[in-house]
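A.B. asks: Here is the input, now give the coordinates:
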Amino acid sequence: MRLAGFLFALILGVSLGLVPEAAELSAQLPSPTLKIEIAEGTKVRVTFSRKLNERYQVYVTHDLKNWHFFGSIVQGGSQPITIEYPGGANRTAFFRVESRPTFAPVHSRMERGTNGEIHLSFPTVAGRRYQAALSIDLERWDFSDLIDGTGSRESTEIDFPVPAAFFRVEAVDILPLPNMVWIPQGRFVMGSPPDEKDRDLDEDPLTQVVFPSGFWMGKYEVTQGEYERITGTNPSGFNGDPSRPVERVSWEDAVAYCARLTQTEFSAGRLPFGYAYRLPTEAEFEYACRAGTTTRYSFGDDLDYTELGEYAWYDANSLKTTHPVGQKRPNLFGLHDIYGNVWEWCHDYYDSAYPGGSIERPSGPSSGVSRVFRGGGWDWKASSCRSAYRNNVLPTRRSNYLGFRVVLGPVLY
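C.D. replies: Below is the predicted model of the structure:
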């Protein structure tokens with residue numbers, strides 16, 4: 001697979017132009033013709049040319065760090081196509097368009113259920129992954145999460161209320177980085193029960209969380225060596241050993257690292273559309289941390305903290321420093337240092353209360369001031385390593401106890 005091109009464009013009020021850094025990039029890579037216009041109110045129209053054998057995805061950012069996909073994936077065609085972005089008054093936005101060759105569809109059978117839902121059945125190969133897609137106009141396509149092949153006829157259900165729609169199924173390639181652990185689909189109860197020792201008030205109310213599909217998570221915290229290879233810098237206070245976790249990174253630094261990593265892997269053809277390396281959501285972190293357990297830690301309640309030292313570097317055993325990743329025992333999903341060593345940034349804004357009830361794959365509040373970090377650290381007490389424990393700080397904060405690990409999963413909107 002190849003990346004056909006990408007282009008950044010700048011909107012500020014009604015002024016159009018190219019970012020200098022982006023101009024250099026666009027001079028090195030062939031890019032689709034991109035036109036940016038202010039439409040009614042503060043809407044922005046992004047128009048770009050297409051080729052018949054390509055597929056396109058449009059991204060927007062306001063800070064060149066945190067990129068968001070908007071609109072559906074666009075099929076190639078002989079005529080330019082326009083996508084509208086809501087925009088915002090006097091707000092700067094940068095856009096990029098990425099393209100890839102289209103995939104050959106997998107033969108599938110469509111059946112309509114009694115409640116109007118669509119059932120797609122198709123043959124699969126064990127070890128391969130598939131995506132189902134639907135479209136109203138054969139130009140804009142919306143894709144499902146990845147579906148694991150089993151070597152037989154797999155069935156997926158799509159609940160789509162529009163009566164006239166087109167469907168297709170494609171086999172896709174996704175090649176995670178080494179040391180990524182597959183976290184299977186499932187459900188868990190987020191938060192802590194009222195009788196849990198050392199619990200805090202912001203671990204309420206208990207919330208049922210459902211993950212309809214799995215995701216990959218880094219087996220280890222991002223190391224100084226990995227961070228330096230992607231960014232060219234190492235901000236860590238405890239430096240000198242590339243296998244130690246990177247620290248002194250802000251939430252913004254961590255998001256920027258993930259964006260660069262995603263671009264590298266997408267360009268190399270190892271990621272499908274709609275997937276990215278990113279920070280875990282708070283729900284993903286706790287789900288992966290618990291690894292199917294309901295106790296204070298994934299290895300038990302450990303009320304007297306006699307076992308925690310086998311799994312975590314914290315204030316009682318760290319000697320006031322970080323340590324190379326992977327030296328402690330992993331949890332039941334195979335994740336090392338999910339407790340202790342450095343605290344780990346999560347995607348979410350912080351809210352002092354959970355939503356309660358049942359929710360599917362939450363990504364946190366839509367706005368806020370501080371961001372969540374999880375897992376405990378080398379300088380904190382044992383109770384802060386609990387699976388349910390939460391903490392938060394401004395996203396600009398850099399500290400020698402703050403690091404992160406990455407998730408590979410669907411783009412967060």
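
A.B. asks: Which residues are in contact with the most centrally placed residue in the chain?
C.D. replies: The residue lying closest to the centre of the chain (C-alpha atoms, centre = their mean) is residue 278, at 3.8 Å. By C-beta atoms under 8 Å, 6 or more residues apart in numbering, the contact set of residue 278 is 255, 258, 262, 347, 406, 407, 409, 411, 412. The C-beta positions use only the backbone N, C-alpha and C, and glycine is treated the same way.

A.B. asks: Please repeat the previous calculation with a cut-off of 7 Å.
C.D. replies: Residue 278 makes contact with 258, 347, 406, 407, 412, according to C-beta atoms under 7 Å, 6 or more residues apart in numbering.

A.B. asks: Would you map the strands across the stretch 101-250 of the chain?
C.D. replies: 105-106, 109-112, 118-123, 129-135, 140-143, 147-148, 153-158, 166-172, 180-183, 186-190, 207-211, 215-218 (DSSP state E, counting those that start in this stretch).

A.B. asks: which other residues reach the third one?
C.D. replies: Residues from elsewhere that reach strand 118-123, judged by C-beta under 7 Å, 6+ apart: 106-113, 132, 153-158, 160, 167, 169.

A.B. asks: same thing with the fifth one?
C.D. replies: Residues outside strand 140-143 that contact it (C-beta under 7 Å, 6+ apart) are 72, 73, 74, 75, 131, 133, 134, 135, 273, 274.

A.B. asks: I'd like those laid out as a markdown table, including pLDDT.
C.D. replies: Below are the contacts of strand 140-143 laid out as a markdown table (pLDDT from 0 to 100):
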| residue | pLDDT |
| --- | --- |
| 72 | 86 |
| 73 | 90 |
| 74 | 93 |
| 75 | 92 |
| 131 | 89 |
| 133 | 88 |
| 134 | 89 |
| 135 | 91 |
| 273 | 81 |
| 274 | 82 |
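
A.B. asks: farthest pair in those residues?
C.D. replies: 74 and 131 (15.5 Å; C-beta to C-beta).

A.B. asks: neighbour-wise, which of these two wins?
C.D. replies: Counted by other C-beta atoms under 10 Å, residue 74 and residue 131 do not tie: residue 131 has more neighbours, with 23 against 20.

A.B. asks: ok, back up a step: any chance of TSV for the contacts of strand 140-143, columns distance to residue 51?
C.D. replies: TSV is the format used below for the contacts of strand 140-143 (distance: C-beta to C-beta, whole Å):
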residue	distance to residue 51
72	18
73	15
74	11
75	10
131	21
133	19
134	23
135	18
273	16
274	20
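
A.B. asks: who wins for most neighbours among those?
C.D. replies: Busiest of the contacts of strand 140-143 [other C-beta under 10 Å] is residue 131, holding 23 neighbours.

A.B. asks: Distance of it relative to residue 110?
C.D. replies: For residue 131, the distance to residue 110 (C-beta to C-beta, to the nearest Å) stands at 16 Å.

A.B. asks: Over to residue 400?
C.D. replies: 56 Å.

A.B. asks: so where's the protein uncertain?
C.D. replies: 1-32, 88-91, 159-163, 413 (pLDDT under 70).

A.B. asks: Find the helix or strand that the residue sitting furthest away from the middle of it is a member of.
C.D. replies: Largest separation from the mean C-alpha position in the chain: residue 304, at 35.7 Å (C-alpha atoms, centre = their mean). Per DSSP states H and E, residue 304 falls between elements, in no helix or strand.

A.B. asks: Show the contacting residues for it.
C.D. replies: If you count contacts by C-beta under 7 Å, 6+ apart, then residue 304 has nothing around it.

A.B. asks: What backbone torsions are found at it?
C.D. replies: Main-chain dihedrals, residue 304, degrees, to the nearest 10: phi -100, psi 10.
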